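Asks: this is the structure alone, sequence omitted:
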């Protein structure tokens, strides 16, 4: 049972890392203020960013729940 939870924990960790890294940046700095308007007007992938943001939340909650379960099992 603990092995299955450890594998799920590893998958949640990798999923959270990949979903965070795949998200586009939020236009930081001076260059973002100059080019930020053109990105929203000309084809920024808003649907993909929204999906990745929701996946990040799901993976983070799964990560926290599995971390608590593993802590309780090992105690």
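Replies: On my side now, so go ahead. Just so it is clear, the model here is predicted, and its values are computed rather than measured.
Asks: list the buried residues for the lengthiest helix in the chain?
Replies: Assignment by DSSP state H gives helix 46-74 as the longest helix of the chain. Residues of helix 46-74 classed as buried: 52, 55, 56, 59, 62, 63, 66 (neighbour count, 16 or more other CB atoms under 10 Å). (Glycine included, C-beta is placed from N, CA and C.)
Asks: distance of the residue nearest to the second one when sequence neighbours are not counted relative to residue 63?
Replies: It stands for residue 55. Nearest non-adjacent residue to residue 55, counting by CB to CB, 6 or more residues apart in numbering: residue 19, 4.5 Å away. Residue 19 sits 11 Å away from residue 63, going by CB to CB, to the nearest Å.
Asks: name the residues contacting each of the two.
Replies: Among the neighbours of residue 19, none is also in contact with residue 63 (CB atoms under 8 Å, 6 or more residues apart in numbering).
Asks: where does pLDDT dip in this protein?
Replies: 27-45 (pLDDT under 70).
Asks: try 80
Replies: Residue ranges of the chain with pLDDT under 80: 25-46.
Asks: what sits against the residue nearest the centre of the chain?
Replies: By CA atoms, centre = their mean, the chain has its centre lying nearest to residue 56, at 2.8 Å. When the contact criterion is CB under 8 Å, 6+ apart, the partners of residue 56 are 16, 19, 20, 23.
Asks: same thing but 7 Å
Replies: By CB atoms under 7 Å, 6 or more residues apart in numbering, residue 56 lies in contact with 16, 19, 20.
Asks: the second one: neighbouring residues, count only.
Replies: Right, residue 19. Neighbour count for residue 19, taken as other CB atoms under 10 Å: 19.
Asks: the first one too?
Replies: Residues near residue 16, counting by other CB under 10 Å, number 19.
Asks: what's the nearest residue to it if we skip its chain neighbours?
Replies: Per CB to CB, 6+ apart, closest to residue 16 is residue 59, 3.7 Å.
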